[in-house]
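Peer 1: Attaching a predicted model along with its sequence, questions to come.
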Amino acid sequence: MDWYVYVSLALIVTQAFFMLLPFNNYRYALARYKRKIYHYAPRVALIIPCKNLDENFEQNISSFYRQNYEDYLLWFVVGDARDAAYSELCKLKGKFAGSTKARDVRVLVAGPGQTCSQKIHNLLYAYQQIPDDVEVLAFADSDVDVKPEWVRHLVHPLRLENRGVATGYRWFVPKRNNFATLALSAMNAKVTQLMGNTRFNQVWGGSMAIKVKKFRENNKEY
């Protein structure tokens, strides 16, 4: 057979795989969704790097204050106090004082990054200040709007000894019926459908949790 026949067969097999994977992941997600969430509530440090004001910034940040979780630290971190996000974060901290389950709310200023990207620098700056009794690090982006049970669901897989990292993923919900918005939503949904109980998963930094012990095992310099 000519070479292009082999290429065609390879493409067909690949496409069949990508059609089967979302179906299996759909069944897996439904089965997991119906399972009982066990009472596993380690102390969590939720760290959210911020830069400038994203669309729906107040709504997104407010969702982190409304977590139905009893023992979590809520730390926001910016690179510069002159960043527009800093003053807004301080206002929201005052607004939710006394009405959030977060035990410790901070707005940190990391200063300029020197040896890595500003976002990574911000995250490491916050991490280096966590108290010794924190068991799990959770991270989120400032442009996501999470449900009240988000932290609980995110850390739930970590109850198992052989699980060190857990992740979520975003959904882009189009507000306007135009080509660009619909295309972005469709492409993002395609990636989401490929995630599931497989070896091909990647951790998305916009919604992830990792055991502090596991983090330190893999990042000994920190």
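Peer 2: Looks like it arrived, so ask away.

Peer 1: In terms of pLDDT, where does Ser185 sit?
Peer 2: According to the prediction, Ser185 has pLDDT 86.

Peer 1: gap between the lengthiest helix in the chain and the chain center?
Peer 2: Longest helix in the chain by number of residues (criterion: DSSP state H): helix 3-34. Relative to its chain's centre, helix 3-34 lies at 25 Å (Cα atoms, centre = their mean, to the nearest Å).

Peer 1: And stretch 57-77, by the same measure?
Peer 2: For stretch 57-77, the distance to the chain centre is 13 Å (Cα atoms, centre = their mean).

Peer 1: buried ones in it?
Peer 2: Under the neighbour-count criterion of 16 or more other Cβ atoms under 10 Å, stretch 57-77 has 57, 60-61, 63-67, 69, 72-77 buried. Quick note: C-beta positions are derived from backbone N, CA and C, even for glycine.

Peer 1: Sitting in helices, which of these do you find?
Peer 2: Short answer: the buried residues of stretch 57-77 in helices (DSSP H) are 57, 60-61, 63-65.

Peer 1: residues in contact with Asp71?
Peer 2: 41-44, 103 (Cβ atoms under 8 Å, 6 or more residues apart in numbering).

Peer 1: Kindly report the same for Leu73.
Peer 2: 43-46, 102-106, 130, 134.

Peer 1: Now restrict the residues you listed to buried residues only.
Peer 2: Using 16+ other Cβ under 10 Å as the burial test, the contacts of Leu73 include 43-46, 102, 105, 134 as buried.

Peer 1: Domain-wise, how is this structure divided?
Peer 2: Listed domain ranges for the chain are 38-168+204-222, 171-201 (source: automatic domain parsing).

Peer 1: Give me whichever of those is most buried.
Peer 2: domain 38-168+204-222 (a mean of 16; mean count of other Cβ atoms under 10 Å).

Peer 1: those strands in the chain, which residues are they?
Peer 2: Here the chain has its strands, by DSSP state E, at 44-49, 72-78, 102-109, 136-140, 165-167, 207-211.
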